[in-house]
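Trainee: Just to be clear, the model below is a prediction. Sequence and coordinates:
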Amino acid sequence: MNEGLALVAVEASWALSHSALPGAPVVPDERRGRRRSIAARARLARVLYRAAEALERPSLQASTC
């Protein structure tokens, strides 16, 4: 069993070391939509922050009275 595992490890490391060769396939970067997703994430964070503040305010007022 250990011999089989060693063989798999050797083959995986060989494949990894040869993945940066000049003839290796190139995967293009996915830049499309990234700016939009950052804006959406910021908008969602703002909405969640405001919702948390709105939920927290009544409990703060009740505890101070």
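Mentor: Happy to help now that I have it. Numbers count the residues shown, from 1 in each chain.

Trainee: what is the mean pLDDT for stretch 6-21?
Mentor: Mean pLDDT, stretch 6-21: 73.

Trainee: cool, stretch 40-58 as well?
Mentor: Rounded mean pLDDT across stretch 40-58 is 91.

Trainee: Determine how far the helix ranked longest in the chain lies from the middle of the whole chain.
Mentor: With secondary structure taken from DSSP state H, the chain has its longest helix at helix 34-64. Centroid separation for helix 34-64 versus its chain: 22 Å, with CA atoms, centre = their mean, to the nearest Å.

Trainee: try stretch 25-42
Mentor: On CA atoms, centre = their mean, the centre of stretch 25-42 falls 12 Å from that of its chain.

Trainee: For that stretch, list the C-alpha coordinates in PDB.
Mentor: Extracted in PDB, the C-alpha atoms of stretch 25-42 (Å, rounded to 0.1, in the frame of the first residue of the first chain):
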ATOM      1  CA  PRO A  25      -1.500  25.300 -21.200                       C
ATOM      2  CA  VAL A  26      -2.300  28.800 -20.000                       C
ATOM      3  CA  VAL A  27      -5.500  29.600 -18.200                       C
ATOM      4  CA  PRO A  28      -6.600  33.200 -18.700                       C
ATOM      5  CA  ASP A  29      -7.200  35.400 -15.700                       C
ATOM      6  CA  GLU A  30     -10.900  36.000 -14.900                       C
ATOM      7  CA  ARG A  31     -11.000  39.700 -14.500                       C
ATOM      8  CA  ARG A  32     -14.500  40.200 -15.800                       C
ATOM      9  CA  GLY A  33     -17.000  41.200 -13.100                       C
ATOM     10  CA  ARG A  34     -14.500  41.600 -10.400                       C
ATOM     11  CA  ARG A  35     -15.100  45.300 -10.000                       C
ATOM     12  CA  ARG A  36     -18.800  44.700  -9.900                       C
ATOM     13  CA  SER A  37     -18.500  42.000  -7.200                       C
ATOM     14  CA  ILE A  38     -16.300  44.300  -5.000                       C
ATOM     15  CA  ALA A  39     -19.000  47.000  -5.300                       C
ATOM     16  CA  ALA A  40     -21.700  44.600  -4.500                       C
ATOM     17  CA  ARG A  41     -19.800  43.300  -1.500                       C
ATOM     18  CA  ALA A  42     -19.300  46.800  -0.200                       C
END
